[in-house]
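Asks: A structural model of the following input is requested.
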Amino acid sequence: MANDYVINKWRLWFRAMDINHKGQISSADVQQEGETFAELSHVDAERRKEILADLHKLWNEYIFRGKTSPINEEEFVEMNCHQYEDDKAKFQAGLRKCYTAFFSDIIDVCHEGFVTEEEFVNIMKAGGHENVAFHKKFFSFYKPDGGKVPQQFLIDSWVQFTTSDDSSQKDVVKEALETGL
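Replies: Model (predicted):
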């Protein structure tokens, strides 16, 4: 059963994805985020199409979970609770697959196996979060080497954030989101 700790993290996750701060997320939000990220990343038209297609695919499968209409925070939490409680291992594996694709196919624009500070800031800005100084501080928690962080560090931290119900573990993403995007 999902405990209050992980449920509260899902609420933070939802609010981080609510780029227009309207209390709901929709496919229009995904489109806006993808287009803004592509623009900030200065990618060509073909790469832009790939980013948008990949982003829509991930959101449809792991965020909207098949729903086609906009969803609010309660619906989002309920969908996560059902999948988590039905099969926690499958839920975790799905979000690992989601974040692996997110960081490797979308955020790592050059497909180098690393995420740069610029790429990290760009996705945060594309998600409607404008505090660049905060994003740089958040990125520094990953202890970048040469301005880059291995994708695996980011993947692991986001999987932990979205799936771990153990409040005794340090959760970098949770801490960052609680301080306010």
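Asks: rest of the way, CA atoms for contacts and neighbours
Replies: Will do.
Asks: and Met79, which helix or strand is it part of?
Replies: helix 73-86 (DSSP states H and E).
Asks: tell me the buried residues in that helix?
Replies: Neighbour-count burial for helix 73-86 flags 73, 76-77, 79-81, 83-84 (criterion: 16 or more other C-alpha atoms under 10 Å).
Asks: swap in stretch 97-104?
Replies: Using 16+ other C-alpha under 10 Å as the test for burial, stretch 97-104 gives 98-104.
Asks: ok, now which ones touch Cys98?
Replies: 58, 62 (C-alpha atoms under 8 Å, 6 or more residues apart in numbering).
Asks: that one sits in which helix or strand?
Replies: helix 88-101.
Asks: one step back: ok, so of the buried residues of helix 73-86, who is nearest Ala133?
Replies: Ala133 lies nearest to Glu73 out of these, by C-alpha to C-alpha, at 27.3 Å.
Asks: so that closest one sits against His21, correct?
Replies: No - with contact defined as C-alpha atoms under 8 Å, Glu73 does not count as touching His21 (11.2 Å).
Asks: next, show the common contact partners of those two.
Replies: Arg15.
Asks: hmm, back to that, just send the buried residues of helix 73-86 back as JSON lines, with distance to Arg47 and pLDDT too.
Replies: Converted to JSON lines, the buried residues of helix 73-86 look like this (distance: C-alpha to C-alpha, whole Å; pLDDT from 0 to 100):
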{"residue": "Glu73", "distance to Arg47": "31", "pLDDT": "97"}
{"residue": "Phe76", "distance to Arg47": "30", "pLDDT": "97"}
{"residue": "Val77", "distance to Arg47": "32", "pLDDT": "97"}
{"residue": "Met79", "distance to Arg47": "31", "pLDDT": "96"}
{"residue": "Asn80", "distance to Arg47": "31", "pLDDT": "96"}
{"residue": "Cys81", "distance to Arg47": "35", "pLDDT": "96"}
{"residue": "Gln83", "distance to Arg47": "32", "pLDDT": "95"}
{"residue": "Tyr84", "distance to Arg47": "34", "pLDDT": "97"}
